[in-house]
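>>> Kindly return the folded structure for what I paste below:
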Amino acid sequence: VQLQAFGGGLVQAGGSLRLSCVVSRLRLNYYRIGWFRQAPGKEREGVSCISSRGDGKYYADSVKGRFAISRSIAENTVYLQMKNLQPEDTAVYYCNAQKYGTTVNYWGQGTQVTVSS
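Down below sits the predicted model:
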C-alpha cells in the first residue's frame, strides 16, 4: 500500500492550492481517507476526511468554508482543494487511509504548504 501526497507549495495569503493523495494497492471504497497537517512545534491535527462510501465529509472548524475534500475512484486519488489560505495554514500536510471497521491505517509522505502574509 502506498499513499503519495502532491501539490504543496508556497502561496500568498488568500491564494489557493489543491493537494492530491494518490493511493495504490488499496480500494478507496474500503478506506476512509483523511488529510492531517503538522506545523512546526505543534502536534499533528486532522483537517478533513472523506468516508469510505464517499458520502460523509468532515472538516476541522479552522478550515470549514475554505477547504473541500473530494475523490476520484477512477484515478484512485483524494483531493483537498484549499482556498483563501492563511499563514496559519502553513504546515506539512499528510494523507492517511484507514480501513473501514478496523484499526488498519497507512500514512503517506507529507507535502509542504507555506502561506506567506
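
>>> So which residue is smack in the middle of this structure?
residue 35 (2.7 Å; CA atoms, centre = their mean).

>>> residues in contact with that residue?
Applying CB atoms under 8 Å, 6 or more residues apart in numbering, one finds that residue 35 lies in contact with 19, 21, 46-49, 69, 78, 80, 93-96. Any C-beta I mention is one placed from the backbone N, CA and C, and that applies to glycine too.

>>> Give me the sheet partners of the helix or strand containing it and which way each runs.
For residue 35, the host element (DSSP states H and E) is strand 31-38. Here strand 31-38 is paired, per DSSP bridges, with strand 45-50 (antiparallel), strand 91-99 (antiparallel).

>>> ok, and what's touching the last one?
Put plainly, it is strand 91-99. With contact meaning CB under 8 Å, 6+ apart, strand 91-99 is reached by 1, 3, 5, 8, 19, 21, 23, 26, 30-39, 42, 44, 47, 78, 80, 104-113.

>>> Buried subset of those as a ChimeraX selection?
Listed next is the ChimeraX selection for buried residues among these, using 16 or more other CB atoms under 10 Å:
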select :3,5,8,19,21,23,26,31,32,33,34,35,36,37,47,78,80,106,108,110,111,113
